[in-house]
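Peer 1: My questions concern the predicted model and sequence given below.
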Amino acid sequence: MNEDWRRTHEWGALTRAEIAAARDHGALPVLPVGSVEQHADHLPVDTDSVSAHRVALAAAAACADPHVLVLPPPGFGFSPHHRAFAGTVTLSLETFVGLVTDVAESLHRTGFRRLLVVNGHGGNHGPLTAACTALVSRGLGVGFVNYFSPGEKQWLEALPGAQRGVGHACAYETALQLALRTPAESERIAARIRGLPPRLTPSYLSGQAPDPLKPAGASWAAIFPAGDVGYVGDPAAATPEAGAALLEATVAALARFYADFAAASLRVGAV
């Protein structure tokens with residue numbers, strides 16, 4: 001049998017017959033989603049989409065079984081909390097949920113029984129939770145994972161700076177971009193982050209007041225109003241060396257998750 005469908009992990013580079021063959025051999029479709037939004041003055045506005053797509057592809061190449069097919073990334077996400085800034089393009093909640101739903105239904109209709117959404121943007125988390133719950137309840141096998149979550153324990157050991165975890169345009173995201181971009185682009189980013197002070201309070205707080213929400217497990221939407229610095233975390237601590245280490249740990253863990261997700265016995269449909 002022709003095995004040409006194995007030559008690539010990029011869904012868009014295959015023919016209809018090759019995608020059908022991949023489906024029949026148990027390939028796992030992956031949809032990377034991110035955003036186009038302000039990332040302060042040091043990172044490009046497509047940071048979340050680029051990171052989600054390139055990490056998803058690298059993890060697909062590192063996953064031996066199943067064969068993973070990465071769908072073309074839609075680019076835009078749910079980013080109303082960044083719309084005070086030029087460069088931000090946000091979908092409405094209904095449009096974003098509708099986009100994920102339409103992709104899932106298209107795959108289900110043509111015989112794929114499982115879809116993994118690989119997310120790269122915090123604002124998409126809530127909508128994806130709702131969308132996936134609705135789809136699974138209808139009998140469509142759709143789950144999602146933040147690309148950085150499976151390997152967090154490992155990459156935290158290589159994370160520089162004062163913040164421990166992922167923020168926005170933070171040391172993690174900035175270091176990853178230093179590793180993923182061209183040398184010229186990375187040099188521009190490195191020049192822009194010099195001297196940036198850490199911002200370790202969440203963006204939903206005005207000023208430096210203590211946070212009453214996180215200790216209580218409460219939630220308030222992130223807000224980046226006009227005039228805000230546009231980042232949360234310690235981007236100046238990012239280095240290309242840290243970015244390479246973070247990328248390696250992130251990709252390896254996501255590749256393992258692909259295999260675990262594909263093999264898991266997961267329920268669909270509401271009783």
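Peer 2: Looks like it came in fine. Numbering: from 1, shown residues only.

Peer 1: wait, doesn't residue 67 sit right on residue 6?
Peer 2: Yes. Using C-beta atoms under 8 Å, residue 67 makes contact with residue 6 at a distance of 6.1 Å. To be clear about C-beta, it is placed using only N, CA and C from the backbone, and glycine gets the same treatment.

Peer 1: more neighbours, those two?
Peer 2: In this view residue 67 and residue 6 are compared by other C-beta atoms under 10 Å, and residue 67 has more residues nearby, 19 against 13.

Peer 1: Just give the nearest non-adjacent residue to that one, would you?
Peer 2: Once flanking residues are discounted, residue 67 sits nearest to residue 27: 4.6 Å by C-beta to C-beta, 6 or more residues apart in numbering.

Peer 1: what's the burial count for that neighbour?
Peer 2: With other C-beta under 10 Å as criterion, residue 27 counts 23.

Peer 1: Need the pLDDT of it.
Peer 2: Per-residue pLDDT puts residue 27 at 98.

Peer 1: what does residue 83 give?
Peer 2: Looking at residue 83, the pLDDT reads 97.

Peer 1: Excluding sequence neighbours, find me the nearest residue to it.
Peer 2: residue 90 (5.5 Å).

Peer 1: Counting neighbours, what do you get for residue 221?
Peer 2: Residue 221: 10 neighbours (other C-beta under 10 Å).

Peer 1: Against residue 232, how distant is the nearest residue to it once chain neighbours are set aside?
Peer 2: Nearest non-adjacent residue to residue 221, counting by C-beta to C-beta, 6+ apart: residue 81, 5.8 Å away. The gap separating residue 81 from residue 232 is 12 Å, by C-beta to C-beta, to the nearest Å.
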